[in-house]
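*Asks:* build the 3D model from these lines:
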Amino acid sequence: MAAGHKISQEDLTTEDPSTTNTTTLGVGFAERPILPNLVMSASYNATITNFSLSGMRHVAKAAVGTDIGAFRGVSISGMIDTVPEDGPGRQLGVEYGAPCGVKLGYAYDDYANNAKDANRIYAGLEVSF
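*Replies:* Sure thing, here's the model as predicted:
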């Protein structure tokens, strides 16, 4: 769990300097078993600017990984951001990691800078010596 408050004051040389108050609250956990062969991680962060709930930013992330029969090595992740700055607003990812090191995945990002990057299929190989 995390919380913080930041006060930023800009342009102190003018008669009316601008001040910004930012309050952040967050909670999360990393890779906790929720069933015998199911692992989950999740986080939630809220950012309140100038004590106004109308412009509040919410960022929620979650990921689930399995170690069950045919689904062994499959992980699913998702993220939503209510007020995206530079990054995505919503993401979805599905990945499979085979025991031999081959990785296959699909990622969806609806706030990609380029529409052709919104859907992405990828493959890779991880080798260890």
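
*Asks:* next, the contact list for Thr49, please.
*Replies:* Neighbour list for Thr49: Thr20, Asn21, Thr22, Gly55, Met56, Arg57 [criterion: C-beta atoms under 8 Å, 6 or more residues apart in numbering]. From N, CA and C alone the C-beta is placed, and that goes for glycine too.

*Asks:* can you rerun that using 10 Å?
*Replies:* Thr49 makes contact with Thr20, Asn21, Thr22, Thr23, Thr24, Gly55, Met56, Arg57, Val83, according to C-beta atoms under 10 Å, 6 or more residues apart in numbering.

*Asks:* again, but for Ser52
*Replies:* Asn21.

*Asks:* look at it and report its pLDDT.
*Replies:* pLDDT for Ser52: 80.

*Asks:* could I get the phi/psi values of it?
*Replies:* Taking degrees, to the nearest 10, you get phi -110, psi 120 for the backbone angles of Ser52.

*Asks:* any weak-confidence spans in this protein?
*Replies:* 1-3, 9-14, 17, 85-88, 111-117 (pLDDT under 70).

*Asks:* how does it look with 90?
*Replies:* 1-38, 46-58, 66-73, 81-91, 97-101, 108-122, 125-129 (pLDDT under 90).

*Asks:* what about the longest strand in it?
*Replies:* strand 18-35 (DSSP state E).

*Asks:* count of residues packed around Leu125?
*Replies:* Neighbour count for Leu125, taken as other C-beta atoms under 10 Å: 9.

*Asks:* please identify the buried residues of the longest strand of the chain?
*Replies:* Thr23 (16 or more other C-beta atoms under 10 Å).

*Asks:* could you list every helix and strand in contact with it?
*Replies:* strand 2-10, strand 38-49, strand 52-66 (3 or more C-beta pairs under 10 Å, 6 or more residues apart in numbering; DSSP states H and E).
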